[in-house]
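# All I have is the shape, not the residue letters:
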Ligand SMILES: Nc1ncnc2c1ncn2[C@@H]1O[C@H](COP(=O)(O)OP(=O)(O)OP(=O)(O)O)[C@@H](O)[C@H]1O
Ligand SMILES: [Zn+2]
């Protein structure tokens, strides 16, 4: 008896989570659209993958030995061709698992195999009386008047969209009771056509803004660096460039740093455009993220505004990309697939043949170099938009000052003056917690983390000593373990202590703190931001969270409490970051009607970093750094990768990197430095080493590094390692 098993005739290539360098082959009884998800067997498990084009060696494996696909989850392509191509490029370029770009492109629920349908929505429509009524007739409620006026403008909307605009369920219900609107439930997956119609008129551009806007042409791929001093009105240029893009029926993608995507930012876009704006950020639940993603990919949104991973959002007929604060560190993912979203955005714009605007007051050295060598158009806004002058910047020589916990008399007096004038003051202290160390005044002992090569930070809230690297916590010792003295206490000043001190000095003034503890969630962060809107003087104190493009209308004094530690960091980019941070933080001063002032406390007032920064000359500062980079062949004049390796056994980690160094040197295409211990040489019980790999040619770097994954399995003998292409820091 012969039984004939019929082999499904179609060969399907699927990108699957795991350490594979290409797609895996499966078979199926019918063709499957590229970009659809399917459920496939992998060992004993069943996993969700994405169908893709065959890899280089995908065609020759005998089809009878392929396993059949378990189920096809999508009727057509879920990821369009442009995103598939970009996702494949991501894995290759960043030398990571083949599937990582595809998985990054999908919202979590879709990665887990969930359905890709938009949830049903509640739609609000005006009734006949609702169309006819004059909003003023709703005498008692301003909100209801605004709601009716809005609906009369846009005719229909979802309850969700109205709530995003700040209207409440109760206000809607009142209008239903008055028979002015109806709410109906149905699903809508029809794309809309962007129109660029505005709710509020655009601002009249000043000369520089107009020149910048006019330069952003419609030609195929044209990248621009929009370098505009703080408060120069870069956002208005984005808004008007987007308006023109929507008028042509195309869509726009806007990337912002994580902390910059506040309800205020989203509102700024929503109150300008009648077209739908969809936001993608880490504050969304999985279901909300899925809904936003589907709206974007179905073409229901005209503008998508999002953080790092939004760069891979499918958007039909994309016409413009904007990357705000392009220098921001949050664009670089620091684990797993270590991509740089700004660079991915450039690649996306290039492949789509569309303009892209990178905006900032403090360009990254890479972007500045690209602009100065003509690879990017260079658009300049040298003046503040409202005609306000940039703040005066001065240093305070701490060697000559009396101080209380690091707050000098001079700065304290100026704080008091500005508060007395009814203004707000912003104090920057890049150190969270109560104090950076727990210290014995008799012998100098300091509390260290048992798992890391680092001191513990003292936190008053919760009264504990915490390691900021691994999260280890312990109760502060009351006596010194070395000399048994009881003279142990917190030493130095962090934001928590600064808040306490300022509260004692200015009991009548609210102190609003921003750091990862006081603003640990998006919600808390926004609540703190809202407190800064209350009338009257206030002190805002916090870490670099404060530096990211926030527009505090009434801040007239910015005080830099302590940045000296940043002057001596060993990291390649430490000075670049320092200059950016100082410029950005200083730029929060004097943005409203009153002239601002900036005071920088330092024990090193002669450090050359302060000379250009006092004159608001970020460019000279950056060009000095560029000259140094050129001398040493560092980016953007050469190409870098870091291989980091860690293990509970220091010798094993070091030996693994030693082997890699030998191999890499044998390719004769790269220079290798190391293995050397990482800046934090032990973290969470693991010893950490790194290898710095450098080349004058990008292709040489990739050719040398690509084979490493085959030669050295990633996690073996308790050693794990990864490659970081274009590292943001060498730490
Ligand atoms: N053409 C204009 N006329 C009048 N006011 C303007 C104009 N353009 C922008 N503004 C106002 O100037 C202020 C600063 O603008 P915006 O926040 O866009 O600056 P920015 O360049 O993004 O600054 P930063 O880089 O510091 O975040 C805003 O209040 C904005 O409304
Ligand atoms: Zn630790």
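Nice, I can see it. Because the structure is a prediction, the values reported are computed rather than measured. Numbers count the residues shown, from 1 in each chain. Ligands and ions are numbered 1, 2, ... in the order given.
# Would you mark the buried spots in stretch 661-679?
Under the neighbour-count criterion of 16 or more other CB atoms under 10 Å, stretch 661-679 has 661, 664, 669-670, 672, 674-675, 677-678 buried. (Each C-beta comes from the backbone N, C-alpha and C, glycine too.)
# With stretch 364-381 instead?
For stretch 364-381, burial by neighbour count (16+ other CB under 10 Å) applies to 364-372, 376-381.
# Let's see which of those residues end up in strands.
Per DSSP state E, strands hold the following members of those: 377-381.
# List, one by one, the residues from the chain near ligand 2.
Contact residues (CB under 5 Å from the ion) of the chain with ligand 2: 449, 451-452, 467, 469-470, 472.
# By neighbours, which of those wins?
Top of the residues of the chain next to ligand 2 by neighbour number is residue 449, holding 24 neighbours under the definition other CB atoms under 10 Å.
# any idea how far the closest residue to it other than its chain neighbours is from ligand 1?
Nearest in space to residue 449, with sequence neighbours left out and distances taken as CB to CB, 6 or more residues apart in numbering, is residue 467 at 3.8 Å. Note on residue 467: its distance to ligand 1, by CB to the nearest ligand atom, to the nearest Å, is 34 Å.
# pretty sure residue 467 is in contact with residue 452, am I right?
Yes: contact criterion CB atoms under 8 Å: residue 467 and residue 452 qualify, at 5.6 Å.
# ok, back up a step: list the contacts of the residue nearest to residue 449.
Going by CB atoms under 8 Å, 6 or more residues apart in numbering, residue 467 touches 449, 451-452, 454, 456-457, 473.
# mind redoing it with 6 Å?
449, 452, 456 (CB atoms under 6 Å, 6 or more residues apart in numbering).
# Show me which of these has the smallest pLDDT value.
Among these, residue 452 carries the weakest pLDDT, at 86.
# Kindly state the beta-bridge partners for the closest residue to residue 719 other than its chain neighbours.
Counting by CB to CB, 6+ apart, the nearest residue to residue 719 once its immediate chain neighbours are dropped is residue 647, at 4.4 Å. Taking DSSP bridges, one finds residue 687, residue 719 as the beta-bridge partners of residue 647.
# doesn't residue 655 make contact with residue 647?
No: applying CB atoms under 6 Å as the test, residue 647 and residue 655 come out as separate, 9.4 Å apart.
# ok, the two, which is more surrounded?
Neighbours per residue (other CB under 10 Å) separate residue 647 from residue 655, with residue 647 holding more: 20 against 17.
# Let me know the pLDDT of residue 336.
89.
# Name the SS class of it, please.
coil (DSSP: H, G, I helix; E, B strand; the rest coil).
# ok, the nearest residue to it once chain neighbours are set aside to residue 16 distance?
Excluding its sequence neighbours, the residue lying closest to residue 336 (CB to CB, 6+ apart) is residue 100, at 7.0 Å. Per CB to CB, to the nearest Å, residue 100 is found 11 Å from residue 16.
# per the record, what domains does this structure have?
Per automatic domain parsing, the structural domains of the chain span 10-111, 121-186, 207-381, 392-436+492-627, 639-725.
# Just put those domains in JSON lines and tack on distance to residue 442.
Supplementary listing: those in JSON lines, determined by distance: least, CB to CB, whole Å:
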{"stretch": "domain 10-111", "distance to residue 442": "51"}
{"stretch": "domain 121-186", "distance to residue 442": "58"}
{"stretch": "domain 207-381", "distance to residue 442": "40"}
{"stretch": "domain 392-436+492-627", "distance to residue 442": "17"}
{"stretch": "domain 639-725", "distance to residue 442": "27"}
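# Let me know which of those domains is tucked in deepest.
Ranked by average neighbour count under the criterion mean count of other CB atoms under 10 Å, these are headed by domain 207-381 at a mean of 21.
# Now do the end-to-end distance for it.
Start-to-end span of domain 207-381 (CA to CA, to the nearest Å) is 9 Å.
# from the chain's centre, how far out does it sit?
Here the centre of domain 207-381 is set off from its chain's centre by 12 Å, with CA atoms, centre = their mean, to the nearest Å.
# Neighbours of the residue of the stretch 51-200 of the chain found nearest ligand 1, how many?
Residue of the stretch 51-200 of the chain nearest ligand 1, by CB to the nearest ligand atom: residue 200 (11.5 Å). The tally of other residues near residue 200 (other CB under 10 Å) stands at 8.
# cool, residue 386 as well?
Residues near residue 386, counting by other CB under 10 Å, number 12.
# go on, the one 3 residues further on?
Burial of residue 389, expressed as a neighbour count using other CB under 10 Å, amounts to 11.
# distance of it from residue 551?
17 Å.
# try residue 14
Distance from residue 14 to residue 551, by CB to CB: 47 Å.
# how about stretch 235-249 against ligand 1, any contact?
Yes: against ligand 1, stretch 235-249 shows contacts by CB under 6 Å from any ligand atom at 235-236.
# re earlier: can you redo the ones in strands among the buried residues of stretch 364-381 as TSV with pLDDT?
Formatted as TSV, these follow (pLDDT from 0 to 100):
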residue	pLDDT
377	94
378	96
379	96
380	95
381	95
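# nearest to ligand 1, of those?
Distances from ligand 1 to those, taken by CB to the nearest ligand atom, are shortest for residue 381, at 6.8 Å.
# residues contacting the residue in the stretch 501-650 of the chain that ligand 2 sits nearest to?
With CB to the ion, the shortest gap between the stretch 501-650 of the chain and ligand 2 falls at residue 646, namely 13.6 Å. The neighbours of residue 646, taking CB under 6 Å, 6+ apart as the test, are 653, 686, 688.
# mind listing what the last one touches?
The contact partners of residue 688, taken as CB under 6 Å, 6+ apart, are 646, 678, 681.
# could you redo the last one with a cut-off of 7 Å?
When the contact criterion is CB atoms under 7 Å, 6 or more residues apart in numbering, the partners of residue 688 are 644, 646, 677-678, 680-682.
# In contact with the residue nearest to residue 719, which residues?
By CB under 7 Å, 6+ apart, the residues touching residue 647 are 653, 686-687, 718-719.
# per-residue confidence at residue 155?
66.
# Same check on residue 140?
For residue 140, the model assigns a pLDDT of 77.
# how about residue 318, phi and psi?
Dihedral pair for residue 318: phi -70, psi 130, per degrees, to the nearest 10.
# what residues does this protein put near ligand 1?
Listed as neighbours of ligand 1 in the chain under the rule CB under 6 Å from any ligand atom: 203-206, 209, 228, 230-236, 361, 385-386, 549, 551, 587.
# Cross those against helices and list the overlap.
Judged by DSSP state H, the subset of those located in helices is 209, 234-236.
# before we move on, the earlier item: could you export the contacts of residue 467 as JSON lines, including secondary structure?
Putting the contacts of residue 467 into JSON lines (three-state DSSP) gives the following:
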{"residue": "449", "secondary structure": "coil"}
{"residue": "452", "secondary structure": "coil"}
{"residue": "456", "secondary structure": "coil"}
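# Could you single out the nearest of the residues you listed to residue 432?
Nearest to residue 432, judged by CB to CB, of those is residue 456 at 13.0 Å.
# circling back to that earlier point, keep only those of the buried residues of stretch 661-679 that are in strands.
Those of the buried residues of stretch 661-679 lying in strands (DSSP E): 672, 674-675, 677-678.
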